[in-house]
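J.: Just need the structure, nothing else, for what follows:
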Amino acid sequence: MENTYHASSIVEQFAQAGYQIDPDALTLLTEQDTSPSFISQILDSLDESTLVVSPAQIDPALNTRTTPLPETEYPGVHTRDPDYEDEWTGELDVISDITDQSTCVGEYREFVDFFRNRFSRLGDMLRNRGVGFRPIESLNKRKLGLVEGREEVSVIGMVSDLRTSKNGHRMIEIEDTTGSLRTMVLKNKHDIFEQGLKVMLDEVIGVTGTLSDDGNLLFINSIMWPDMPIRTSSELGEQSVSGKAVMISDVHVGSDTFLEDQWLDFINWLNHGGSMAGNGSVAGNGSVTGNGPIDVKDIRYLVVAGDLVDGIGIYPNQEEELAITDVYEQYKVAANYFNRIPKHIKVIISPGNHDAVRQAEPQPRFPEKIRKMFRQDVVFVGNPAVISMDGVRTLIYHGRSIDDLVANLPGMKYEDPTRPMIEMLKRRHLSPMYGSRVSIAPEREDHLVIDKPPHILHCGHVHTVGCATYRGVTVINSGTWQSQTEFQRRMNLQPDPAKATIVDLATLNTNVISFQ
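T.: Here you go, the predicted structure:
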């Protein structure tokens, strides 16, 4: 095939990147069907010490070069329905995303600013509840004997310590910008005591109670979280859209437990179209449960909540459980899959803890080296991110903090992932506990605070599926495309794989399709 990318253009692209190219290496490239994107792949593979690019550095790229297969030859994926609309029609807006906004370097002052930002924003939400909260410093009047009686007082504080007294009472120490206060929930106040057991370190709460005679202890009568506002059905209404969105997560391409056959069934279903309801078949096998029929032609969005690939070095001896041991090869395979999704579906991808971005949350979107493997119309966002799909405000969060919520709150189980997700909404924070299982970067602004209530909260991470509604928010955990791993087997965790959740953007009703 004649090369349409001329020698002068090749030389210029190498020069712009800071390299010279050997004449023999240039000849190798001009004899091939070379493109700017292929030259970019070569540039990415070069060592920074390289000055002149030799034929020896070009040969490996030519030998391993992969050409996209024609659609009819793509293994496992069938030709798309010719009646499909080729172009996406919708309105997507990325509202919030840490990408290109991170400023932290880990200095002490950044941690102070981070927690003050968290306290200020969550405190304002509590004050908007209409309770007359006071600063902790104002309670010193009791200590000085300036206030008599046992009037009820309300304060807002960030939880700095939790423990149980020798008599079994719940001790909660809180602090604001003016001081700190010890509080106690008596064990004989059963309802409040149960609430006290759900308080987590580092979260912001409001408490109401009576002070001890010396003013050093507050006996709690009620505990308040920032919480979602109670919205009426008229306030929620139906969205002025008619499309649907598919929610998935934790694909784990590259793992030897990645369910490739079921994944290809899913991709085929997106390509073939058709309507399905009840226990109808999907690409040969599968079933749907939920509200109403599904016609793939109505799908406008596909949202991935992290862990697109299995990654490398995420946990000890991971390489023993990998089918693909090079992380960039994992992304190339994933890109081949996603590039086969019909163009009338807008794909949005957010990272997770297995992906090739920083581990500390909030995480930025994938680096350019990975993004350019995918079709240009794929949208990449950070973790967490807030997007609007045709006016439907959607909060995407991978969900790593679910581990902390399950470990620290009574009654939480991985089998029902929506319960810890609802606790996030009550606290208006995606990861209330600092310094436990989730590494959080001390940005100037706490990007894990839930400012404006979303229509949808979409998470993954725990490999189980669940859908619920809480105060007008549709809560979705979309499971995984990976069967049980050795770690899950040791922990007696049973995944719920090969399922996709479909959301009607007009009604926020959900359907769960199984491809098992």
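
J.: Okay, buried residues for stretch 433-453 please.
T.: Neighbour-count burial for stretch 433-453 flags 433-434, 436-438, 440-443, 446-450, 453 (criterion: 16 or more other CB atoms under 10 Å). Heads up, the C-betas are built off the backbone N, CA and C, glycines and all.

J.: Looking at these, which one is closest to residue 32?
T.: Here the nearest of these to residue 32, counting by CB to CB, is residue 441; it sits at 43.2 Å.

J.: got a list of what the closest one touches?
T.: By CB atoms under 8 Å, 6 or more residues apart in numbering, residue 441 lies in contact with 102, 104, 358, 360-362.

J.: Can you tell me which of the residues you listed are buried?
T.: Judged by 16+ other CB under 10 Å, buried ones among those: 102, 361-362.

J.: hey, where'd the helices end up in the stretch 301-450 of the chain?
T.: 327-338, 368-371, 402-408, 418-427 (DSSP state H, counting those that start in this stretch).

J.: Out of the ones you listed, which one sits most buried?
T.: helix 418-427 (a mean of 22; mean count of other CB atoms under 10 Å).

J.: Which neighbouring elements make contact with that helix?
T.: Where contact means 3 or more CB pairs under 8 Å, 6 or more residues apart in numbering; DSSP states H and E, helix 418-427 is packed against helix 402-408, strand 456-459, strand 465-470, strand 473-478.

J.: Recalculate using a threshold of 6 Å.
T.: helix 402-408, strand 465-470, strand 473-478 (3 or more CB pairs under 6 Å, 6 or more residues apart in numbering; DSSP states H and E).

J.: now these in CSV, with mean pLDDT?
T.: Formatted as CSV, the helices and strands packed on helix 418-427 follow (pLDDT from 0 to 100):
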stretch, mean pLDDT
helix 402-408, 96
strand 465-470, 97
strand 473-478, 97
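
J.: Which one of these lies nearest to residue 366?
T.: strand 473-478 (19.1 Å).

J.: after that closest one, next one along is what?
T.: Per DSSP states H and E, the first helix or strand lying C-terminal to strand 473-478 is helix 486-490.

J.: Quick check: what element follows that following helix along the chain?
T.: Taking DSSP H and E, what comes next after helix 486-490 is strand 499-504.

J.: Any idea which of the helices and strands packed on helix 418-427 gets closest to residue 246?
T.: The nearest among the helices and strands packed on helix 418-427, by CB to CB, is strand 473-478 at 8.8 Å.

J.: List the contacts of that closest one.
T.: 247-249, 417-418, 421, 425, 456-460, 466-468, 501, 508 (CB atoms under 6 Å, 6 or more residues apart in numbering).

J.: That strand pairs with which strands, parallel or anti?
T.: Paired neighbours of strand 473-478 in the sheet (DSSP bridges): strand 456-459 (parallel), strand 465-470 (antiparallel).

J.: relative to helix 418-427, how tilted is that strand?
T.: Strand 473-478 runs at 140 degrees relative to helix 418-427, counting by axes from the mean of the first three to the mean of the last three CA atoms, to 10 degrees.

J.: chain center to strand 473-478: distance?
T.: 12 Å (CA atoms, centre = their mean, to the nearest Å).

J.: next one: stretch 405-422
T.: 17 Å.

J.: How far does it stretch from one end to the other?
T.: One end of stretch 405-422 sits 10 Å from the other (CA to CA, to the nearest Å).

J.: ok, and what's touching it?
T.: 197-198, 200, 402, 423, 457, 459, 462, 464, 466, 468, 470, 475, 477.

J.: Quick one: list the elements packing against the biggest strand by length in the chain.
T.: What stands out as the longest strand in the chain, according to DSSP state E, is strand 152-164. Secondary-structure packing of strand 152-164 (3+ CB pairs under 6 Å, 6+ apart): helix 108-127, strand 170-175, strand 204-211.
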